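[1] pasting the sequence and the predicted model now:
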Amino acid sequence: MKNMRNFFAHNYMQMDTRLIWLTAINDIPKVKVFCENKISESTKTFSDDTDDITI
């Protein structure tokens, strides 16, 4: 998945639709879960850091 951007940008006449489909159904859901976890972690960390603030 890492090199897909370059592949699309420079080889668009030679795209393998099977490879694109496999990436879409196998890799993208994993990346989505990874991103959601990182966002959740960063939100928790930010929330934990602000609990100690006294105004």
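    Noted; the coordinates are in hand.
[2] what about residue 33, how many residues close to it?
    Residue 33: 10 surrounding residues under other C-beta atoms under 10 Å. C-beta: built from backbone N, CA, C; applies to glycine.
[3] name the helix or strand for it, please.
    helix 28-50 (DSSP states H and E).
[4] ok, residue 6 next?
    helix 4-10.
[5] just the C-alphas of that helix, formatted as CSV.
    Extracted C-alpha coordinates of helix 4-10, given in CSV (Å, rounded to 0.1, in the frame of the first residue of the first chain):
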residue,chain,number,x,y,z
MET,A,4,0.3,2.9,-4.3
ARG,A,5,0.4,6.7,-4.8
ASN,A,6,3.4,6.6,-7.0
PHE,A,7,2.0,3.7,-8.9
PHE,A,8,-1.2,5.6,-9.6
ALA,A,9,0.6,8.8,-10.5
HIS,A,10,3.1,7.3,-12.9
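[6] quick one: contacts of that helix?
    The contact list for helix 4-10 (C-beta atoms under 8 Å, 6 or more residues apart in numbering) reads 15, 20, 23.
[7] from the chain's centre, how far out does that helix sit?
    17 Å (C-alpha atoms, centre = their mean, to the nearest Å).
[8] poorly predicted segments of the chain, please.
    1, 12, 45-55 (pLDDT under 70).
[9] tell me the centre residue of it?
    residue 31 (4.1 Å; C-alpha atoms, centre = their mean).
[10] tell me how far that one lies from residue 23.
    10 Å (C-beta to C-beta, to the nearest Å).
[11] ok, residue 35 - contacts?
    Here residue 35 is in contact with no residue (C-beta under 8 Å, 6+ apart).
[12] which of the helices or strands spans residue 2?
    Here residue 2 is assigned to no helix or strand, by DSSP H and E.
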